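Student: just coords:
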């Protein structure tokens with residue numbers, strides 16, 4: 001279950017990333033209106049990896065850290 005408006009925003013942004021493109025955690029945070037919450041973006045996506053329904057719906061390799069590593 002998605003618990004906050006920020007979490008919903010993160011999932012909405014990640015879902016909208018076109019195939020073959022990537023965004024950083026910081027870019028997702030900025031698009032959600034909280035530019036300093038990039039660590040929260042990473043935590044939200046890391047927590048949801050265990051939920052099989054979300055794994056099917058979203059491709060989390062689209063979101064990478066600033067150093068270029070995909071999670």
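Tutor: Yep, that arrived. As the structure is a prediction and not an experimental result, all values here were calculated from the model.
Student: CA only for contacts and neighbour counts going forward, please
Tutor: OK.
Student: who touches residue 37 in this structure?
Tutor: Contacts here follow Cα atoms under 8 Å, 6 or more residues apart in numbering; on that basis residue 37 touches 26, 29.
Student: so what pLDDT did it get?
Tutor: Model confidence at residue 37, expressed as pLDDT, equals 94.
Student: Then residue 20?
Tutor: On the pLDDT scale, residue 20 gets 80.
Student: what about it, how many residues close to it?
Tutor: As a burial measure, the neighbour count of residue 20 was computed by other Cα atoms under 10 Å and equals 7.
Student: what does residue 16 give?
Tutor: Residue neighbour count, defined by other Cα under 10 Å, stands at 10 for residue 16.
Student: and it, how far is that from residue 26?
Tutor: 16 Å (Cα to Cα, to the nearest Å).
Student: With residue 9 instead?
Tutor: When Cα to Cα is the yardstick, residue 9 and residue 26 sit 13 Å from each other.
Student: now the helices: where do they sit in this structure?
Tutor: Listed in chain order, the helices found in the chain under DSSP state H are 5-16, 25-31, 38-48, 52-57.
Student: least trustworthy helix or strand in the protein by mean pLDDT?
Tutor: Using mean pLDDT, DSSP states H and E, helix 52-57 stands out as the lowest-scoring helix or strand of the chain, at a mean of 47.
Student: Looks like residue 39 contacts residue 28 (just checking).
Tutor: No - the pair residue 39 and residue 28 does not pass the contact test of Cα atoms under 8 Å, sitting 10.5 Å apart.
Student: and for those two, which residues touch both?
Tutor: The overlap between the contact sets of residue 39 and residue 28 (Cα under 8 Å, 6+ apart) is empty.
Student: Determine which member of the two has the greater number of neighbouring residues.
Tutor: A side-by-side neighbour count of residue 39 and residue 28, using other Cα under 10 Å, places residue 28 first with 25 against 12.
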